[in-house]
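Participant: below are the sequence and a predicted model for it; my questions follow.
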Amino acid sequence: MSIQVAFTPAEIATIVGAERTNGSTSTPVRDIASLTTARAGDLSFLGNDKYKAQVADCAATVLLLPINHVGEPKPDQVFVYVQNPSAALAKICARIEHALWPKPSPGIHPSAVVSPTAKIDSSVHVGPLCVIEDEVQIGAGSVLQASVFLGKGATIGDGCWIMPGCIVGAACSLANRVRLQPGVVIGSDGFGYEFVQGRHEKIPQIGTVAIGDDVEIGANSTLDRARFSKTTVGEGTKIDNLVQVAHNVVIGKHCILCSQVGIAGSTTLEDYVILGGQAGIGGHITLGKGSKVGGQTGVAYTLEAKSYVNGTPAIPYMLERRLQILHQRLPDLFKRVDILEKKME
Amino acid sequence: MSIQVAFTPAEIATIVGAERTNGSTSTPVRDIASLTTARAGDLSFLGNDKYKAQVADCAATVLLLPINHVGEPKPDQVFVYVQNPSAALAKICARIEHALWPKPSPGIHPSAVVSPTAKIDSSVHVGPLCVIEDEVQIGAGSVLQASVFLGKGATIGDGCWIMPGCIVGAACSLANRVRLQPGVVIGSDGFGYEFVQGRHEKIPQIGTVAIGDDVEIGANSTLDRARFSKTTVGEGTKIDNLVQVAHNVVIGKHCILCSQVGIAGSTTLEDYVILGGQAGIGGHITLGKGSKVGGQTGVAYTLEAKSYVNGTPAIPYMLERRLQILHQRLPDLFKRVDILEKKME
Amino acid sequence: MSIQVAFTPAEIATIVGAERTNGSTSTPVRDIASLTTARAGDLSFLGNDKYKAQVADCAATVLLLPINHVGEPKPDQVFVYVQNPSAALAKICARIEHALWPKPSPGIHPSAVVSPTAKIDSSVHVGPLCVIEDEVQIGAGSVLQASVFLGKGATIGDGCWIMPGCIVGAACSLANRVRLQPGVVIGSDGFGYEFVQGRHEKIPQIGTVAIGDDVEIGANSTLDRARFSKTTVGEGTKIDNLVQVAHNVVIGKHCILCSQVGIAGSTTLEDYVILGGQAGIGGHITLGKGSKVGGQTGVAYTLEAKSYVNGTPAIPYMLERRLQILHQRLPDLFKRVDILEKKME
């Protein structure tokens, strides 16, 4: 995609708060590309030191570089020096984002189906074909893009952004600046049954889900309502796509849950926990503050703070690596034992 | 959430069919909480004997306890004795559920798009923005909450509850009292291709999906239609969120499929099979009656009835545990062989 | 389901381009069934040689058989000989598919919400309750079934089929004949954050997603837009349900991604890669042309062309099988070392 927005190098230097610049060009920047694919008219950046050799051959018009970078720009090229090129690029991207997709204006689309008992701030954007049930509340500046469902009594704070096709069930709440990617389901029933006379009888799930400030949740992820009380996600936690959070799970602040993670019922994640993709966390356990779980790992027991585990069943990361190496040396070990046995005959 | 419903202890005792009560209070019960978090005005319960020491310190106004529980209520506190506190709580929750979220009244919302050839019982609720195609049939008392899609010729039985955003494809059927959580897709095409001259040519998938009585399916789960004939889910089976059921799978009665399970094509699950979260089941195999598969397990071969397997590849649970322990003793084993070799030199 | 379409054996022979037929019947074919379940009035087929003994007992009215099949039809039964019975069945299924679910006629349903700046070919079908934002383009013969969302500037080629509830985000593109199963999300934000002063700050994701010709994507799968530039899926690639493709992933041509696969950011799959169900692929790596990854496998490193790997961590398939066998012989190995130690005492 062409970003259809043009910047001069001077504008870029201002946006990123550059330490200094080197070189000059009359070419405006119209797109962003990696060091190896950039062409004239592109902005590129050195986000990781291991790629620094690629700078010399990079054809980008403007490059964001760390302040200690050694080297000179080519003709018609500008080096812009910053503390953190990756963070600087994010600032440019934010500017482009606003130009590309400006925040929609306040108002309720005539095709939306909105209960007269809903309390919606006048600054809110309710897009086409949304359904807003009785007693819903939506705070200042929030955006519902299209085809969003808010169940009875759901509460949305200020500055939330809810993308198409999201479903927030009855009595669930989002705090402020929560961002839901498309297709998120919040407040589906917890998976709870009693086995009675050969049948699984449903245990009603009458709790809710409460999402804290600045949480982001990825596309088609599902968060179940509590059996009673609340399933909660703490402030600043980021959840990727297709993640499952079961009933009565309590997730702390500033956690990272990568794609396709599953967390079983009533488990607690303390603050700053990081879960790798496809990790599975058992029910009724606690993952201590700052603990880190590798991708595809299966955790069945409580972890202490700052644990770093891997494998199924999960064990300390370094031990797991070592056991993997020994596992791959099993053919050799079997041979060595064969030889020993022959010698002993 | 406050449940906004008040019960007296006497009302609670009646609802749960209490054996007896002990203590008295004038405080109404307005919420439910666990033993350790309950406060005055809450109902709590002893669902698992291992928590019985927590009862003495519990501040709940009413506690549901097993009939043999030893101990006395505090002032302004009532103990309600029952055979099964967890099942008793479920009865209270069911009562609250009906008060909180009463069944919507019959009728078709004017924003729904309904084919004139659809046959919809007069007691059915069709919520806003549903799409109902030609020749669909919907039985007595069923509820479509909002933005539900029923494809041409789909058949919905009596007393079903279909939550927002669900999609039931053409010619698929739900029997009676089926409950679909938000975002469920029933009747997507099976994943079938022939590899011809370097390209994957699509095999048309003209079968359907048939869901039995009292089945519940979790949010954003997907069940593919058969290549021909039917993908089926038997009576009383419960499926959690984000589960994948491929084409021509046959699932028996009263099975439990935990979150993020995947089942490949043409596999059969006999009755009462239990699959742990993130388990993966290969294609064209049979899991015998009552077999049990641990979380994250990968099953590639047919299992006999009452098998209990774990690990990838799946092996009997007790053997898998034992091998895990030996695996963790590999560093020691390598050392022991080193020593033996030195002695033999 | 009865397919409600009747064929004579002669019609079937014509559709499949039969080499020859044997036998006769006056019964029309109205359904399709496997060899063991077929009854009079059914079409069946021998798709895999290992089932050939089932042909003799098969009650189907018409059987599709390989040209070298030995055996005679029963009375009132017809054998139809073809090069590839499975491909022949696909031809019949395609014919039935068109009869069952004819392509909807061109036109925009009055309940759809369509921007006046969208450019929609007159042959396009836009079903009920779709939302089409500004500057969207849709090519000839494409179908949007119902409740489809196309964000600002999205581009849809010719002959695409987009099923209910799909979401294609702003500026994303589908080429020609792309098929999206229900609930697919294309263009959700990539999962990218900078950790700054104890908080995860969002990195704006301003790239897009570009889907090539003849790609099919399964129900509720999610494909994230790039941080900048494009996430791409090459021509002819087929993606199953509940698959996660992260930002800046580049998928080649004619790949197969089975259900619940997850691919982390900036990874490249070259052409003809096959990923088994629930496989997890790490970020910033390359899977060489034609490489094959087993189900539930975890790949953290770049793979050479034509690799075939299995397990977590992924290792060559044959080695992984061998190590699994040795792993299961660990109890014996420990015993053998015990014995050696006793002998050495």
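Facilitator: Yep, it's here. Numbers count the residues shown, from 1 in each chain, chains lettered A, B, ... in the order given.
Participant: which residues touch A:Ala314?
Facilitator: By C-beta atoms under 8 Å, 6 or more residues apart in numbering or on different chains, A:Ala314 lies in contact with A:293, A:297-301, A:303. All C-beta spots, glycine's among them, are computed from the backbone N, C-alpha and C.
Participant: for it, grab phi and psi.
Facilitator: Torsion angles at A:Ala314 (phi, psi; degrees, to the nearest 10) stand at phi -70, psi 130.
Participant: check what pLDDT it gets.
Facilitator: On the pLDDT scale, A:Ala314 is placed at 97.
Participant: separation between it and A:Lys289?
Facilitator: 17 Å (C-beta to C-beta, to the nearest Å).
Participant: how many neighbours does A:Ser266 have?
Facilitator: Using other C-beta atoms under 10 Å in any protein chain shown, the number of residues around A:Ser266 comes to 18.
Participant: now swap in A:Asn241 and tell me
Facilitator: 32.
Participant: that one contacts C:Ile186, correct?
Facilitator: No. At 11.7 Å, A:Asn241 and C:Ile186 do not qualify as touching, with contact defined as C-beta atoms under 8 Å.
Participant: follow-up on the earlier one: list just the nearest of the contacts of A:Ala314 to chain C.
Facilitator: A:Thr297 (9.1 Å; C-beta to the nearest C-beta).
Participant: contact residues of the stretch 51-200 of chain A facing chain B?
Facilitator: Contacts of the stretch 51-200 of chain A with chain B, taken as C-beta under 8 Å from any C-beta of the partner chain, map to A:111, A:113, A:129, A:131, A:147, A:149, A:151-152, A:165, A:167, A:169-171, A:183, A:185, A:188-189, A:191, A:193-194, A:196, A:198-200.
Participant: whichever of these end up buried, select them in ChimeraX.
Facilitator: A single ChimeraX command is used to select the members of those judged buried by 16 or more other C-beta atoms under 10 Å in any protein chain shown:
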select /A:111,113,129,131,147,149,151,152,165,167,169,170,171,183,185,188,189,191,193,200
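Participant: which of the residues of the stretch 51-200 of chain A next to chain B come close to chain C?
Facilitator: Counting by C-beta under 8 Å from any C-beta, the members of these near chain C are A:111, A:129, A:147, A:165, A:183.
Participant: in contact with the third one: list those residues for me.
Facilitator: When the contact criterion is C-beta under 8 Å, 6+ apart, the partners of A:Ser147 are A:127-130, A:164-165, B:129, B:147, C:129, C:131, C:147, C:149.
Participant: quick one: contacts for A:Ser34?
Facilitator: A:44, C:229.
Participant: hmm, try it at 7 Å
Facilitator: A:Ser44 (C-beta atoms under 7 Å, 6 or more residues apart in numbering or on different chains).
Participant: my hunch is that it is in a helix, does that hold up?
Facilitator: No. Looking at A:Ser34 with DSSP: H, G, I helix; E, B strand; the rest coil, it is coil, so not inside a helix.
Participant: any idea how far it lies from chain B?
Facilitator: Going from A:Ser34 to chain B by C-beta to the nearest C-beta, to the nearest Å gives 30 Å.
Participant: sec struct for A:Ser111, please.
Facilitator: Quick answer, by three-state DSSP: A:Ser111 is coil.
Participant: residues of the stretch 201-345 of chain A that sit close to chain C?
Facilitator: Counting by C-beta under 7 Å from any C-beta of the partner chain, the positions of the stretch 201-345 of chain A adjacent to chain C are A:216, A:218-220, A:236, A:238, A:240-242, A:254, A:256, A:259-260, A:277-278, A:295-296, A:324, A:327-328, A:330-331, A:334, A:337, A:340-341, A:344.
Participant: list the contacts of A:Cys160.
Facilitator: A:142, A:174, A:177-178.
Participant: between the residues you listed, which has the most around it?
Facilitator: Going by other C-beta under 10 Å, A:Leu174 tops the contacts of A:Cys160 with 29 neighbours.
Participant: does that residue really touch A:Ile156, like I thought?
Facilitator: Yes. If you go by C-beta atoms under 7 Å, A:Leu174 and A:Ile156 touch, sitting 5.0 Å apart.
Participant: do a quick rundown of the helices in chain A.
Facilitator: A:9-16, A:85-100, A:317-328, A:330-344 (DSSP state H).
Participant: give me the contact list for the shortest one.
Facilitator: Right, the one you point to is helix A:9-16. Outside helix A:9-16, the residues that reach it (C-beta under 7 Å, 6+ apart) are A:21, A:25, A:29, A:43, A:62, A:64, A:78, A:80, A:82, A:88, A:91-92, A:95.
Participant: farthest-separated two in those residues?
Facilitator: Using C-beta to C-beta, those reach their maximum pairwise distance at A:Thr25 and A:Lys91, which is 20.1 Å.
Participant: can you tell if stretch A:43-50 touches chain C?
Facilitator: No. Counting by C-beta under 7 Å from any C-beta, no contacts exist between stretch A:43-50 and chain C, the nearest distance being 8.7 Å.
Participant: what residues sit buried inside that stretch?
Facilitator: A:43-47.
Participant: from these, which is closest to chain C?
Facilitator: Nearest to chain C among the buried residues of stretch A:43-50 is A:Leu43, at 8.7 Å by C-beta to the nearest C-beta.
Participant: just checking, the closest one touches A:Val29?
Facilitator: Yes. If you go by C-beta under 7 Å, A:Leu43 and A:Val29 touch, sitting 4.7 Å apart.
Participant: can you pull the residues that touch both of those two?
Facilitator: The contact lists of A:Leu43 and A:Val29 share A:12, A:62, where a contact means C-beta under 7 Å, 6+ apart.
Participant: who wins for neighbours among the contacts of helix A:9-16?
Facilitator: Neighbour max across those (other C-beta under 10 Å) = A:Val62, 30 neighbours.
Participant: just checking, it touches A:Val80?
Facilitator: Yes. Using C-beta under 7 Å, A:Val62 is in contact with A:Val80, at 6.0 Å.
Participant: I figured A:Tyr308 hits A:Thr297, correct?
Facilitator: No. Contact between A:Tyr308 and A:Thr297 fails when scored by C-beta under 7 Å: they sit 10.2 Å apart.
Participant: which residues of the stretch 101-250 of chain A score low on pLDDT?
Facilitator: Filtered on pLDDT under 70, the stretch 101-250 of chain A yields no residues whatsoever.
Participant: change it to 90
Facilitator: Applying pLDDT under 90 to the stretch 101-250 of chain A flags residues A:101-103, A:194-196, A:228.
Participant: okay, A:Asn343 and C:Arg329: tell me how far apart.
Facilitator: Careful, residue A:343 is Lys; it's not Asn. Distance from A:Lys343 to C:Arg329, by C-beta to C-beta: 21 Å.
Participant: in the stretch 151-300 of chain A, which residue sits closest to chain C?
Facilitator: Minimum separation of the stretch 151-300 of chain A from chain C (C-beta to the nearest C-beta) falls at A:Ala219, amounting to 3.8 Å.
Participant: burial count for that residue?
Facilitator: Count around A:Ala219 with other C-beta under 10 Å applied: 34.
Participant: also A:Thr302?
Facilitator: So A:Thr302, with other C-beta under 10 Å, has 15 neighbours.
Participant: residue contacts, it?
Facilitator: A:285-286.
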